[in-house]
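Asks: make a model of this:
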Amino acid sequence: MAHNGANMYELDSSTFNKETFLREYWQKKPVIIRQAFKNFVAPIEADEVAGLAGMEEVQSRLVYRDGEKWLAEFGPFEDFERLGDKNWSLIVQALDNWSEESAQMVEPFRFIPNWRLDDLMVSFATPGGGVGPHIDWYDVFICQGTGVRNWRVGDKGGHTEFAAHAALLHCEDFEPIIDTKVYPGDILYIPPGFPHDGVTIEDSLSFSVGFRTDSTTSLVSGLADFLIDEELATEQIEDPQRLATDNSGAISDADYEMIKQQFQQLIDNKEIMQKFAGVFLSEPKHELDLVENQEPFSNVEISELLSSNNLMRLGGLKAFYFDSTLNDGVFYVKGEQVEFEPQLAPMVKCLCDNVIVTPAMVSDYVDNEAFISFLGELLDAGTWYFAE
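Replies: Next up, the predicted model:
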C-alpha cells in the first residue's frame, strides 16, 4: 500500500449535483452521468489488478465464455495467457483495502454514510468480456476508468433469474431502458433490482462503488450471535398471574402478545441494540491490509508527526459512532466497541468522519497527552497510519 494522502477525485458539480441525484435517482431509477469525473485518470493499471488477483488474501474471480457456455473461477490466479485476448473479465473485490490510490475513488461518494458502503470493486475486461445479464440487490456507481464498455439496463420487476454456472446468477434477457457506450470519466448508477449487462468493446477497467444494507435475516442472525457472545438477553418469560385454561392446545392472543413483548423489550433496549449495530456494522467484510510498524512510536514522535504529516485511516476500515454515545466515550471500529476519554470526542468524530486527517484538523490536540496515547494504540493496531 502506497502512503501519500492527496485526493485526486472530485465529482464535477456541473454534471453531478448530489441533492438532485438523491431526490431524483437514489433507489429510484438508473442514470448515466456523463463526464462526472473530468480528465479522469485510472488509479491503478491492469497489470496491477492482475498482481492483486495473485494474492491469497485478496478476493478475486474470473468470468469467461467457452462458446455459449459461461464459466467462472476463483483466485488466486498465476497467469491469464490461456484465456486469449477476448471474452473474459477479471474482478477484484475490496480494492480500497489494498490500493490507497484506488481507495480515493470512494471519497466523492461520502455523501452516503459510511455504514452503507460495501466496497470498491475493479473489473478488467477484454473485448466481449462481461459477467452476463444479472440483477444486484445493492446500489452501485460504476465508474468507467479506461477503454469503452456498452451498458444495457432494464426496468425493475418480473425478471426470471437462473444459474448460468454454479458461481454465476444470470437473468433472462430484458428490454433496455438504457443502452449506451460509456467512456472514461462516465458514471452509471444502478439501484437495487434493475437488470443490467455490460459488454466491453475495447480493453477496459471499470470501478464499482457499492452501497448495501443487510437483510432482516442477516441482522437477526448477527444479533443472535452477538447476544450469545455477550451473554445478553437471557431473561425468560415470567407469568405469575396465569389463569387456568380449558384449551391446552391453544396459543392464546394474550400469550402471543407476551412472546412478542419478549422480543420488543430487546429491540427497545437502546444500549444493547446500539452496541450490536456498532459492532456488527463495523465488522470488516474483507481482509484488511493492516499497517505493520516496526516498533511503536513514542509520544514525542506522534506529536511531531501530527504537526507535519497527514494521518490516514486504513483503506476499507469501518469506524463509526452514534451521536448519543460519542460524548460518553464510545465508538466502534473493526467489529469492536472501543472506549476513550470523553474529552477526546471531537477528535474521535474527526477520525471517523475523515479518511485523511490533516495537521490543521488536529492542531489543538498535538500536545494533548490523552489523545497522543489513544492515537498510539490505533497506530500500534495498524488501523491508522501517517502518510509519508
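
Asks: where exactly do the strands run in the stretch 1-150 of the chain?
Replies: Using DSSP state E, counting those that start in this stretch, the strands of the stretch 1-150 of the chain run over 31-33, 60-66, 69-74, 88-92, 117-125, 139-154.

Asks: my guess is residue 290 contacts residue 384. True?
Replies: No. At 10.6 Å, residue 290 does not count as touching residue 384 under the criterion of C-beta atoms under 8 Å. Glycine gets a C-beta too; all of them are placed from N, C-alpha and C.

Asks: just want to know which of the two has more residues nearby.
Replies: Here residue 290 and residue 384 are compared on neighbour count by other C-beta atoms under 10 Å; more neighbours surround residue 384, at 20 against 15.

Asks: show me what contacts the more buried one?
Replies: 311-314, 351, 375, 378 (C-beta atoms under 8 Å, 6 or more residues apart in numbering).

Asks: check which helix or strand covers the most far-flung residue of the chain relative to its centre.
Replies: For the chain, the largest distance from the centre (C-alpha atoms, centre = their mean) belongs to residue 246, which lies 55.1 Å off. For residue 246, there is no helix or strand it lies in under DSSP states H and E.

Asks: same check on residue 370?
Replies: helix 369-381.

Asks: now do that helix: which elements does it pack against?
Replies: helix 299-308, helix 345-353, strand 384-386 (3 or more C-beta pairs under 8 Å, 6 or more residues apart in numbering; DSSP states H and E).

Asks: distance from the chain centre to whichever helix or strand comes after the first one, please.
Replies: If I follow you right, that is helix 299-308. Per DSSP H and E, the first helix or strand lying C-terminal to helix 299-308 is strand 311-313. Here the centre of mass of C-alpha atoms in strand 311-313, compared against the chain's by C-alpha atoms, centre = their mean, to the nearest Å, lies 18 Å away.

Asks: now do the next helix or strand after strand 311-313: which elements does it pack against?
Replies: Sequence-wise, the next helix or strand downstream of strand 311-313 (DSSP H and E) is strand 319-320. Using 3+ C-beta pairs under 8 Å, 6+ apart, the elements in contact with strand 319-320 are helix 270-282, strand 330-333, helix 345-353.

Asks: so for the last one, mean pLDDT?
Replies: In this model, helix 345-353 has an average pLDDT of 97.

Asks: hmm, who's touching it?
Replies: 114, 311, 313, 319-321, 326-327, 329, 331, 340, 357, 361-362, 365, 371, 374, 378, 384.

Asks: could you give the separation of that helix from the chain centroid?
Replies: On C-alpha atoms, centre = their mean, the centre of helix 345-353 falls 20 Å from the chain's centre.

Asks: do the shortest one as well
Replies: Taking C-alpha atoms, centre = their mean, one finds the center of strand 330-333 at 18 Å from the center of the full chain.

Asks: which residue, other than its chain neighbours, is closest to residue 128?
Replies: residue 87 (4.2 Å; C-beta to C-beta, 6 or more residues apart in numbering).

Asks: what's near enough to touch the most centrally placed residue in the chain?
Replies: Centroid-nearest residue in the chain: residue 118, 1.9 Å away (criterion: C-alpha atoms, centre = their mean). When contacts are counted by C-beta under 8 Å, 6+ apart, residue 118 touches 138, 210-212, 285.

Asks: again, but for residue 307
Replies: Residue 307 sits in contact with 359, 363, 366, where contact means C-beta under 8 Å, 6+ apart.

Asks: of those, buried ones?
Replies: residue 366 (16 or more other C-beta atoms under 10 Å).

Asks: which stretches of the chain have low pLDDT?
Replies: By pLDDT under 70, the low-scoring segments of the chain are 1-7, 294.

Asks: follow-up on the earlier one: distance to residue 194 added to the strands of the stretch 1-150 of the chain, as JSON lines?
Replies: Below are the strands of the stretch 1-150 of the chain laid out as JSON lines (distance: least, C-beta to C-beta, whole Å):
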{"stretch": "strand 31-33", "distance to residue 194": "11"}
{"stretch": "strand 60-66", "distance to residue 194": "20"}
{"stretch": "strand 69-74", "distance to residue 194": "21"}
{"stretch": "strand 88-92", "distance to residue 194": "19"}
{"stretch": "strand 117-125", "distance to residue 194": "17"}
{"stretch": "strand 139-154", "distance to residue 194": "6"}
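
Asks: common neighbours of residue 290 and residue 384, please.
Replies: residue 314.
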